[in-house]
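Asker: sequence plus the predicted model coming up.
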Number of protein chains: 2
Amino acid sequence: MGAAVDTGERVEADYWLETPGDPRRTAEAMAGEQSSGTFIAVPGETPELTARAAARIERLELLDAAECPALPGARPDMPTPQEGYRRAHVTLSWPIGTIGASLPNLVATVAGNLFELRQVSGLKLMDIRMPRAFAQAYAGPRFGIAGTRRLAGVASGPLIGTIIKPSVGFGPQETAALVDTLCRAGIDFIKDDELQSDGALCPFEARVDAVMRVVEAQADRSGRKTMVAFNLTGDLDQMKRRHDHVLKAGGTCVMASLNSVGLVGMIELGRFSQLPIHAHRNGWGYLSRSLALGWDYTAWHKLWRLAGADHMHVNGLANKFSEPDDSIIASAKACLAPLFPHRADAIMPVFSSGQTIRQAEGTFRALGTTDLIFAAGGGILAHPDGPAAGVTALRDAWAAAVEGIPLADKALASPALAAALGHYA
Amino acid sequence: MGAAVDTGERVEADYWLETPGDPRRTAEAMAGEQSSGTFIAVPGETPELTARAAARIERLELLDAAECPALPGARPDMPTPQEGYRRAHVTLSWPIGTIGASLPNLVATVAGNLFELRQVSGLKLMDIRMPRAFAQAYAGPRFGIAGTRRLAGVASGPLIGTIIKPSVGFGPQETAALVDTLCRAGIDFIKDDELQSDGALCPFEARVDAVMRVVEAQADRSGRKTMVAFNLTGDLDQMKRRHDHVLKAGGTCVMASLNSVGLVGMIELGRFSQLPIHAHRNGWGYLSRSLALGWDYTAWHKLWRLAGADHMHVNGLANKFSEPDDSIIASAKACLAPLFPHRADAIMPVFSSGQTIRQAEGTFRALGTTDLIFAAGGGILAHPDGPAAGVTALRDAWAAAVEGIPLADKALASPALAAALGHYA
């Protein structure tokens, strides 16, 4: 899962399907709707025309059945099916000749008028595989893991990061004061909150200027520049102007909210940016929280990654939201898997939401890598001995995970970790 | 519903909420997450800072309760609440000083990390009201109803339209041949299917050239130019180039898939376009089909309308999809209501999906206007006496609706409608 096999000249999409009807006939209806698509044969429609453009069912695997439909509106005029609402994994494919190597048109095809079909009582887009023409059309992440490590000056281990909190309320000087504290604490990565972009209470350029002054001062002292992801989310000209301002001020990262900017905006930003793009997924819940509707992260993240995202949020283990841990690990693994086998295009998964020393071991055990950003808010700033101890405790917790040592053992030689163990339950 | 009241200096958002907890405390958690947002107080956070940036609960109206949670992941560690999963209408507000008059940042605020909160077992964004600063930042529809009528040469009555089918398979010449038939049939409006943009089998420019030749020839004969919405969905530079090509070829409309292009791309297109923008909502199902998750059309459509959409799809009565009729009428009413009271910014709702003479009366009765596009596929092309009779039958069905006459009576003087009555059950 997660890796894209070159499918030659066809695009493939995997769905989880629930239907009041026969799963194969429903898959045929999906293929029909997303290719020839009308309910009455029209003049000029010939078998040859249909064949060269038709969507095809590549695979269909029957799963279980449910007594009740997951979603409303599935053939409400018909009696409950005797076999229940049957579920299946379905793979459809389309010839690239009808779509073109175009991400926006891909989305209209694999995620268009399908979810509202009355033939489905549940539909989730699980994965997408694109032919190599898409890799030619879209450069993908420009920095990825290696470029991020280089700019952040972190050769190994996770990037230990945090989010400026409170999310809103700070002005530029208050933000810079907190960043100064965090830089002095030795942190690798800091990000704006997604609620903070360019409001009158904390204008973007003034914030960048104030923050970069303290970041550069710390870099002069330590020889390593903390990476700050400035949230430039806005209209296209605003994002470009803000990007240039960050670049000029010596910044090394920009951040954008994917669901706010959208695909064409992110493609433009990806082509324009000379800095790694930290991609925030806020809003992801409305695309994914229903088990029977919407997008799986594996399918969804590929769009943004191909558009140029270098870091993507995946939530975190034991988070404060509703997502279970296995879903988070699957998302992170998707980020770390190659999208096209012929190029190094893995990106950094970003762990956040209630993260502390307690999640390092489980995260490392599940992934087997430290190619990630591990962002903690209270997990650093609320450390009883202050933020520097907070950062040290997280680093030591990760070192323990990599070395396969229990936290308590590692804490014997790490007062910061020892204090954290008492504080973060 | 649908109209935006000027809220002075705050943005307001209405939600339908379901929660395992106390609805007011859950609303407080939502407001907290979308303003100060962290689980531990951090250095520098003062009551003054929080107050000037905080989200506020404006209204809370308790509704019913459910025995089971609508969505998974709502406090799975806690026992089922005795009061059940309580539902409420909640209105939150934010100071514009933290957001700025920015649509992308508005989305990150009102539809950000909310839907995944474990405090909610259901959350739907019902409406958004923006202060007037948004009207200054975003021009909204440039053509709207009046501009569309002018360009299409249709002073009154609905624009009778159709979609090129099969959706894919036709090359430019086959497309033009069908458009020629439709133009000769006297149709007002034709649109590309959302699956058709710029694939190798039907390249955009060749399609526009071939189609506009027959459209211009018909305009020379009849004095009225059929409006054709060419689907220019693609990357930004592609969309701009395609727009210019349509303009140069004498075309009068372009079409884009909203969920494929995204907000920043649509804002750019809206600022760039010299032609009405026909906005296709394909993918809307994944945002809306769960009753307990995602977006209501009223909230969602405001984003695109402010970005510049002139026509927006609303599905159609008795459609082939799963959406009930009352939802469709509510969407159309939202399109027709003013967004800001000080400017004429209503847009044309587009009815489609299995539409025939049978839906004219109900649609008119519900809306009381003909300011809409009524698109039929088989409803025109499959008319037993051919497409010209199909168009005439639809016009006569609408005339009957406006005049308050039963179809059967109107058919006495309309052979086309009479034949349609026998054909479309």
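Answerer: Cool, got the structure.

Asker: use CA for all of it now, contacts and neighbours both
Answerer: OK.

Asker: okay, and for the stretch 101-250 of chain A, where does confidence drop off?
Answerer: Of all residues in the stretch 101-250 of chain A, none has pLDDT under 70.

Asker: what does it have sitting close to chain B?
Answerer: Residues of the stretch 101-250 of chain A found near chain B (CA under 8 Å from any CA of the partner chain) are A:102-105, A:107-109, A:111-118, A:165-170, A:174, A:178, A:194-202, A:233-236.

Asker: the same query, at a cut-off of 6 Å, please.
Answerer: Applying CA under 6 Å from any CA of the partner chain, one finds that the stretch 101-250 of chain A approaches chain B through A:104, A:107, A:109, A:111-113, A:115-118, A:166-169, A:195, A:199-201, A:234-235.

Asker: which among those residues count as buried?
Answerer: Buried subset of those (neighbour count, 16 or more other CA atoms under 10 Å in any protein chain shown): A:104, A:107, A:109, A:111-113, A:115-118, A:166-169, A:195, A:199, A:201, A:234-235.

Asker: mark which of those are part of helices, please.
Answerer: Among those, the residues falling in helices (DSSP state H) are A:Pro104, A:Val107, A:Thr109.

Asker: make JSON lines out of the residues you listed and add distance to A:Leu417.
Answerer: Listed next are those as JSON lines, based on distance: CA to CA, whole Å:
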{"residue": "A:Pro104", "distance to A:Leu417": "47"}
{"residue": "A:Val107", "distance to A:Leu417": "46"}
{"residue": "A:Thr109", "distance to A:Leu417": "51"}
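
Asker: and of these, the nearest to chain B?
Answerer: Using CA to the nearest CA, A:Pro104 comes nearest to chain B of these, at 4.5 Å.

Asker: the residue nearest to the closest one when sequence neighbours are not counted: how many residues sit nearby?
Answerer: Nearest residue to A:Pro104 in three dimensions, chain neighbours excluded: B:Ser260, at 4.5 Å (CA to CA, 6 or more residues apart in numbering or on different chains). Residues lying near B:Ser260 (other CA atoms under 10 Å in any protein chain shown) number 28.

Asker: B:Asn282 versus B:Ser260, what's the distance?
Answerer: As judged by CA to CA, to the nearest Å, B:Ser260 and B:Asn282 stand 8 Å apart.

Asker: just the element for A:Leu92, please.
Answerer: Using DSSP states H and E, A:Leu92 sits within strand A:85-95.

Asker: is chain B within reach of that strand?
Answerer: No. Contact between strand A:85-95 and chain B is absent, the nearest approach being 9.6 Å (criterion: CA under 6 Å from any CA).

Asker: test my guess that A:Val264 contacts B:Gly265.
Answerer: Yes. The criterion here is CA atoms under 6 Å, and A:Val264 meets it with B:Gly265 at 5.1 Å.

Asker: can you pull out the strands in the stretch 51-200 of chain A?
Answerer: Applying DSSP state E, counting those that start in this stretch to the stretch 51-200 of chain A gives strands spanning A:56-66, A:85-95, A:122-129, A:159-163, A:189-191.

Asker: is it possible to export those strands to CSV including mean neighbour count and distance to A:Ala419?
Answerer: CSV is the format used below for the strands of the stretch 51-200 of chain A (neighbours: other CA atoms under 10 Å in any protein chain shown; distance: least, CA to CA, whole Å):
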stretch, mean neighbour count, distance to A:Ala419
strand A:56-66, 15, 49
strand A:85-95, 22, 49
strand A:122-129, 25, 43
strand A:159-163, 25, 18
strand A:189-191, 22, 23
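
Asker: and the ones you listed: which comes nearest B:Leu182?
Answerer: B:Leu182 lies closest to strand A:85-95 among those, at 28.1 Å (CA to CA).

Asker: what helices or strands is that closest one leaning on?
Answerer: strand A:10-19, strand A:56-66 (3 or more CA pairs under 6 Å, 6 or more residues apart in numbering or on different chains; DSSP states H and E).

Asker: quick one: average pLDDT of the shortest one?
Answerer: This means strand A:10-19. Per-region confidence: strand A:10-19 scores 97 on mean pLDDT.

Asker: list the buried residues of that strand.
Answerer: For strand A:10-19, burial by neighbour count (16+ other CA under 10 Å) applies to A:Arg10, A:Val11, A:Glu12, A:Ala13, A:Asp14, A:Tyr15, A:Trp16, A:Leu17, A:Glu18, A:Thr19.

Asker: need the max-distance pair from those residues.
Answerer: A:Arg10 and A:Thr19, at 25.7 Å, using CA to CA across the buried residues of strand A:10-19.

Asker: taking the stretch 251-400 of chain A, what residue is nearest to chain B?
Answerer: Counting by CA to the nearest CA, the stretch 251-400 of chain A gets nearest chain B through A:Gly262, at 3.8 Å.

Asker: check that residue and give its pLDDT.
Answerer: The per-residue pLDDT reported for A:Gly262 equals 98.

Asker: and if you look at the one 5 residues further on?
Answerer: The predicted local distance difference test score for A:Ile267 is 98.

Asker: need the contact list for it.
Answerer: If a contact means CA atoms under 6 Å, 6 or more residues apart in numbering or on different chains, then A:Ile267 has A:Ala307 as its contacts.

Asker: which positions in the helix or strand hosting it come out as buried?
Answerer: Taking DSSP H and E as the definition, A:Ile267 sits inside helix A:263-272. Buried residues in helix A:263-272, defined by neighbour count with 16+ other CA under 10 Å: A:Leu263, A:Val264, A:Gly265, A:Met266, A:Ile267, A:Glu268, A:Leu269, A:Gly270, A:Arg271.

Asker: quick check, distance from the helix or strand following it to the centre of its chain.
Answerer: Using DSSP H and E, the helix or strand that directly follows helix A:263-272 along the chain is strand A:277-280. From the chain centre to the centre of strand A:277-280 is a distance of 8 Å (CA atoms, centre = their mean, to the nearest Å).

Asker: ok, then the element right after strand A:277-280?
Answerer: Criterion used, DSSP H and E; the element after strand A:277-280 is helix A:284-288.

Asker: right, is that next one up against chain B?
Answerer: Yes. Using CA under 6 Å from any CA, we find that helix A:284-288 touches chain B at A:Gly285, A:Tyr286.

Asker: which ones are touching the spatially most central residue of chain A?
Answerer: Per CA atoms, centre = their mean, the C-alpha nearest to the average position across chain A is that of A:Met312, at 3.8 Å. Residues near A:Met312 by CA under 6 Å, 6+ apart: A:Ala279, A:Pro349, A:Val350.

Asker: let's go with 10 Å and repeat that
Answerer: Contacts of A:Met312 were listed using CA atoms under 10 Å, 6 or more residues apart in numbering or on different chains, and they are A:258, A:277-281, A:301, A:304-305, A:331-332, A:335, A:347-351, A:372-373.

Asker: A:Ala366 now?
Answerer: Neighbours of A:Ala366 in contact, by CA under 10 Å, 6+ apart: A:Asp326, A:Ile329, A:Ala330, A:Ala332, A:Lys333.

Asker: what about the helix or strand containing A:Ala366, average pLDDT?
Answerer: Assigned by DSSP H and E, A:Ala366 belongs to helix A:360-367. Helix A:360-367 carries an average pLDDT of 98.
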